[in-house]
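Participant: I'd like to go over a predicted model; first the sequence, then the structure.
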Amino acid sequence: MGNREFQKKQLKNRKWRLNLVFFIVFCLFSLLIIRLGMVQIVFGESYRNEASRLDATLVSLPAPRGKMYDRHGEVIVDNKGVNAVAFSEEPGMKANDKIDVARKLARLISLENEEVKDRELKDYYLAAYPEEARDLLKEKELTLEPKETYKLQIERVPTAVLEKIKSEEKEEAIIYARMTSGYMYEIQIIKSEGLTLEEMAVVSENLGMLPGVEIMTDWNRHYPFGEMLKPVLGSVTTSKQGILEERSNFYLSRGYSRNDRVGKSYLEYQYEELLHPNKGQKKYVTNRSGEVVDEVIVSEGSRGMDLRLSINAQLQKEIETIVEEELMDAKNYPGNSLLDRAFVVMMDPYSGEVYGIVGKMYDAEKKEMLDYSVGTFTSQYEMGSTVKGATVLAGYQTGAIKHNTYFYDAPIYLAQAKPKSSWKNFGNLNDLRALQVSSNVYMFHTVMKMAGVNYSPYGGLPIQDEDFEKLRGIYNQFGLGVPTGIDLPNESRGVLGNPDNPGLLLDFSIGQFDTYTPVQMAQYASAIANGGMRVQPQLLKSVHQPVDAQELGPMIQEKETVILNRILNTKEDIERVQEGFRKVVQESGGTAYTSFKNDVSGKTGTAQTSYYGPNRSKWGQSTFNLTFIGYYPSKNPQVAFSVVVPWASNDKYPVNKLIANRAVEAFVKHEEMRAMPIPTELEGEVIEASEVVEDEVSEVSAE
């Protein structure tokens with residue numbers, strides 16, 4: 001009995017456990033069924049959509065660059081829409097698909113005058129002829145990584161093959177290179193410049209057999225004032241050039257694409273990040289098969305910021321005409337055949353805003369006048385007596401001379417050297433008279449006193465290198481021999497001469513040793529005009545939000561005046577030189593007396609120099625650089641300016657003064673006079689000259 005009861009009890013326990021297991025299994029299945037129901041019924045559509053999507057890709061949409069306006073709101077640089085044939089890679093396209101499109105498109109548009117690189121020919125060959133490309137590899141190399149095999153194939157493409165493709169399939173290679181120059185889905189411009197209406201029509205008719213190809217609107221820079229100031233305004237790369245290779249890391253880190261158009265010179269380059277458009281974005285959503293299942297415009301693009309320049313377009317235009325006319329008249333004067341260029345820079349002496357920056361150069365071979373405005377800050381010349389204001393102030397600064405110090409103007413005789421004199425002997429004269437008549441000898445005595453030399457006829461000249469550096473350092477305070485800081489790349493500091501002869505210090509004091517740029521001379525004139533502040537020249541006046549209308553939008557930022565340093569002379573010193581400059585123009589005996597119709601103060605200059613222009617057969621021939629610096633009006637001046645005319649063979653024709661007079665008349669005509677008086681004290685941070693740090697700048701030749 002005991003065993004039977006025990007067995008019954010065990011059987012009962014097993015049944016209970018088995019029922020429990022079945023119950024648990026039932027519950028689990030029930031939960032699974034409920035979960036599957038929720039997945040299919042409640043979240044089914046969401047999960048199906050999610051399962052069908054592999055990737056979402058954002059691509060950029062093109063937009064135009066910002067515009068440039070002059071100081072009065074006239075458009076100087078605009079955008080002009082042009083038709084273009086473009087390509088964007090479709091999902092699933094292989095290399096052979098793109099080759100097929102390139103071959104078909106090459107029959108519809110002409111690119112025969114375009115250049116093609118060897119690397120582009122090689123890439124085309126590898127894609128167009130994969131079997132032949134495979135034969136370039138050895139058997140054991142077929143197992144290498146694709147990057148390694150590609151490198152070997154590129155190196156081994158025969159020259160004869162490249163020549164054959166260049167002669168028979170050049171256009172196909174160009175099109176393929178442009179199709180593959182960017183990222184997937186990004187729009188690549190195949191042809192815009194020179195696209196004819198016939199080409200556009202035939203491509204439009206055949207879009208069905210050209211997957212990825214479309215007709216769209218591209219843009220080019222447009223210049224309402226024609227060629228005026230174009231070199232300084234700068235240029236932009238084409239879509240086929242894309243970003244500048246030397247700055248590719250810079251651009252790519254800021255979200256640029258490789259085929260983006262960027263500023264490649266001067267203002268377009270300087271203010272690239274402001275002018276660059278805010279590109280729109282489109283999102284492509286692809287499924288697991290790589291098919292596009294959705295296209296969404298994420299954001300509309302807009303052009304870049306608009307720039308308001310300090311340039312007065314009407315003034316710039318008239319001064320260019322003045323320079324061209326006076327330059328040709330001077331060139332036709334007997335003996336002036338080498339004279340081929342002239343420069344004018346006009347700026348606000350207090351703010352540094354540049355009103356006009358003109359350079360003209362006559363091309364004798366083409367027999368046409370070229371815009372050489374970039375020469376105002378990239379080319380340099382001996383400036384002659386215009387530097388004498390700085391020399392007199394150097395004398396005051398060092399204590400070598402005082403106000404009303406007299407020297408006797410007669411030839412200087414040094415041991416084993418030719419006599420050095422003024423253009424005539426003036427006898428006893430003071431500092432003001434020396435500036436008025438442009439005495440060389442007064443400057444010679446001044447710098448000899450600075451060097452601690454007591455002049456003795458036919459004696460030696462114990463001048464040391466540090467005496468040159470002392471004078472050069474004071475000239476630097478005016479911007480002579482150092483970068484002006486103008487907001488343009490590639491500014492030259494001028495050429496510093498080698499003081500290998502003590503007598504050169506005397507030449508240095510009258511502007512016939514170191515060379516300077518026309519912009520440096522305008523900055524120097526401004527420092528005299530404004531009472532002793534070296535102000536940074538600037539072409540950008542303000543930045544504006546772009547608007548649809550042909551007018552300036554709301555201002556975002558205004559360029560502030562930058563004071564680089566204070567001239568280390570007293571107010572009385574500066575006023576003394578200002579009076580000397582006034583006498584040059586407005587009193588009898590002044591070297592520019594009767595040359596101006598307006599209330600101008602300034603200084604003439606004539607530097608005896610040697611020709612080093614484009615006509616190499618004439619290098620070394622004796623010539624004259626004719627210059628003038630000044631400001632208008634004499635009290636509370638509103639414009640400071642420089643005029644530089646290098647390499648005149650005849651110094652009797654006053655082309656420098658003729659240009660200067662007409663330029664001032666043009667300023668009075670085109671620029672409104674300020675209603676409020678100009679403050680006598682400049683605002684802003686003042687840096688002493690000893691604290692000025694010279695930037696690294698490119699040394700640019702005279703050409």
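Facilitator: In hand now; what should we look at?
Participant: And the helices in the stretch 101-250 of the chain?
Facilitator: 118-128, 130-134, 146-156, 159-168, 170-179, 197-205, 230-233, 248-252 (DSSP state H, counting those that start in this stretch).
Participant: Between those helices, which one is closest to Arg14.
Facilitator: Evaluated over those, closeness to Arg14 peaks at helix 146-156, with 65.4 Å, by C-beta to C-beta. For every residue, glycine as well, the C-beta is placed using N, CA and C.
Participant: and the closest one, average pLDDT?
Facilitator: For helix 146-156, the mean pLDDT works out to 90.
Participant: So which other helices or strands are in contact with that helix?
Facilitator: Judged by 3 or more C-beta pairs under 8 Å, 6 or more residues apart in numbering; DSSP states H and E, the packing partners of helix 146-156 are helix 118-128.
Participant: For the helix it packs on, list the C-alpha coordinates in PDB.
Facilitator: Extracted C-alpha coordinates of helix 118-128, given in PDB (Å, rounded to 0.1, in the frame of the first residue of the first chain):
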ATOM      1  CA  ASP A 118      46.700  63.500 -69.100                       C
ATOM      2  CA  ARG A 119      45.300  62.300 -65.900                       C
ATOM      3  CA  GLU A 120      41.700  62.800 -67.300                       C
ATOM      4  CA  LEU A 121      42.600  60.900 -70.400                       C
ATOM      5  CA  LYS A 122      43.900  58.000 -68.300                       C
ATOM      6  CA  ASP A 123      40.800  57.900 -66.100                       C
ATOM      7  CA  TYR A 124      38.700  57.800 -69.200                       C
ATOM      8  CA  TYR A 125      40.700  55.000 -70.700                       C
ATOM      9  CA  LEU A 126      40.400  52.800 -67.500                       C
ATOM     10  CA  ALA A 127      36.600  53.400 -67.500                       C
ATOM     11  CA  ALA A 128      36.000  53.100 -71.200                       C
END
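Participant: helices and strands around that helix, which ones?
Facilitator: Counting by 3+ C-beta pairs under 8 Å, 6+ apart, helix 118-128 packs on helix 95-106, helix 130-134, helix 146-156, helix 159-168, helix 170-179.
Participant: in the longest one, what's buried?
Facilitator: Buried residues in helix 95-106, defined by neighbour count with 16 or more other C-beta atoms under 10 Å: 98-102, 104-106.
Participant: Gly389: neighbour count?
Facilitator: Applying other C-beta atoms under 10 Å, we find 25 residues neighbouring Gly389.
Participant: pLDDT weak spots in the stretch 151-300 of the chain?
Facilitator: 280, 282-295, 298-299 (pLDDT under 70).
Participant: Likewise for the chain?
Facilitator: Applying pLDDT under 70 to the chain flags the ranges 1-13, 16, 36-61, 280, 282-295, 298-299, 674-703.
Participant: and it, what are its domains?
Facilitator: 53-85+219-277+284-304, 89-184, 313-691 (automatic domain parsing).
Participant: Now the ones you listed in TSV, please, with extra columns for distance to Phe26.
Facilitator: Converted to TSV, the domains of the chain look like this (distance: least, C-beta to C-beta, whole Å):
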stretch	distance to Phe26
domain 53-85+219-277+284-304	37
domain 89-184	48
domain 313-691	70
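Participant: Distance to Asn530 for the helices and strands packed on helix 118-128 - can I get that in TSV?
Facilitator: TSV is the format used below for the helices and strands packed on helix 118-128 (distance: least, C-beta to C-beta, whole Å):
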stretch	distance to Asn530
helix 95-106	61
helix 130-134	69
helix 146-156	61
helix 159-168	61
helix 170-179	53
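Participant: three-state assignment of Ile34?
Facilitator: Put simply, Ile34 is helix when judged by DSSP: H, G, I helix; E, B strand; the rest coil.
Participant: burial of it, as a residue count?
Facilitator: 10.
Participant: just to revisit the earlier point, looking at the helices and strands packed on helix 118-128, spot the one closest to Pro231.
Facilitator: Proximity to Pro231 (C-beta to C-beta) singles out helix 170-179 among the helices and strands packed on helix 118-128, at 28.3 Å.
Participant: would you list every one of the helices in the stretch 401-550 of the chain?
Facilitator: 431-437, 440-450, 465-477, 504-508, 518-529.
Participant: The last one packs against which elements?
Facilitator: The contact analysis (3+ C-beta pairs under 8 Å, 6+ apart) places helix 518-529 against strand 341-347, helix 375-378, helix 388-398, strand 533-535, helix 571-586, strand 622-632, strand 639-648.
Participant: Following element in sequence after the fifth one, please.
Facilitator: The one in question is helix 571-586. strand 601-610 (DSSP states H and E).
Participant: okay if I get the helices of the stretch 401-550 of the chain as JSON lines plus mean neighbour count and distance to Lys94?
Facilitator: Rendered in JSON lines, the data for these read as follows (neighbours: other C-beta atoms under 10 Å; distance: least, C-beta to C-beta, whole Å):
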{"stretch": "helix 431-437", "mean neighbour count": "24", "distance to Lys94": "79"}
{"stretch": "helix 440-450", "mean neighbour count": "24", "distance to Lys94": "77"}
{"stretch": "helix 465-477", "mean neighbour count": "19", "distance to Lys94": "64"}
{"stretch": "helix 504-508", "mean neighbour count": "21", "distance to Lys94": "71"}
{"stretch": "helix 518-529", "mean neighbour count": "30", "distance to Lys94": "56"}
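Participant: Reformat the ones you listed into a markdown table and put distance to Gly352 next to each item.
Facilitator: Listed next are the helices of the stretch 401-550 of the chain as a markdown table, based on distance: least, C-beta to C-beta, whole Å:
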| stretch | distance to Gly352 |
| --- | --- |
| helix 431-437 | 25 |
| helix 440-450 | 28 |
| helix 465-477 | 16 |
| helix 504-508 | 27 |
| helix 518-529 | 7 |
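Participant: Trp423 is in contact with Val441, correct?
Facilitator: No - applying C-beta atoms under 8 Å as the test, Val441 and Trp423 come out as separate, 10.3 Å apart.
Participant: count of residues packed around the closest residue to Asp467 other than its chain neighbours?
Facilitator: Counting by C-beta to C-beta, 6 or more residues apart in numbering, Asp467 lies nearest to Ala451, which is 4.1 Å off, once chain neighbours are set aside. A count of nearby residues for Ala451, using other C-beta under 10 Å, gives 20.
Participant: what pairs with Lys420 across the strands?
Facilitator: Ile412 (DSSP bridges).
Participant: Please tell me how far it sits from Asn312.
Facilitator: Using C-beta to C-beta, to the nearest Å, Lys420 is found at 43 Å from Asn312.
Participant: How about Phe26?
Facilitator: In terms of C-beta to C-beta, Phe26 sits 92 Å off from Asn312.
Participant: who has more neighbours, these two?
Facilitator: Between Phe26 and Asn312, counted using other C-beta under 10 Å, the more crowded position is Asn312 (24 against 10).
Participant: Which helix or strand contains the residue lying closest to the more buried one once chain neighbours are set aside?
Facilitator: Of all residues beyond its chain neighbours, the one nearest Asn312 is Tyr355 (5.0 Å), with distances taken as C-beta to C-beta, 6+ apart. Per DSSP H and E, Tyr355 falls inside strand 354-363.
Participant: Please identify the buried residues of that strand?
Facilitator: 354-362.
Participant: any idea which strand is longest in this protein?
Facilitator: Longest strand in the chain by number of residues, with DSSP state E as the criterion: strand 75-87.
Participant: Which secondary structure elements does that strand sit against?
Facilitator: Helices and strands touching strand 75-87, by 3+ C-beta pairs under 8 Å, 6+ apart, are strand 68-69, strand 188-191, helix 197-205, strand 213-222.
Participant: These: which one's closest to Glu139?
Facilitator: strand 188-191 (36.8 Å).
Participant: How about that closest one, which residues are buried there?
Facilitator: Using 16+ other C-beta under 10 Å as the burial criterion, the residues of strand 188-191 that qualify are 188-191.
Participant: repeat for stretch 406-426
Facilitator: Across stretch 406-426, burial judged by 16+ other C-beta under 10 Å covers 407, 409, 412, 414, 420-422, 426.
Participant: what comes into contact with it?
Facilitator: 427-430, 433-434, 437-442, 444-446, 455, 457-461, 503, 506 (C-beta atoms under 8 Å, 6 or more residues apart in numbering).
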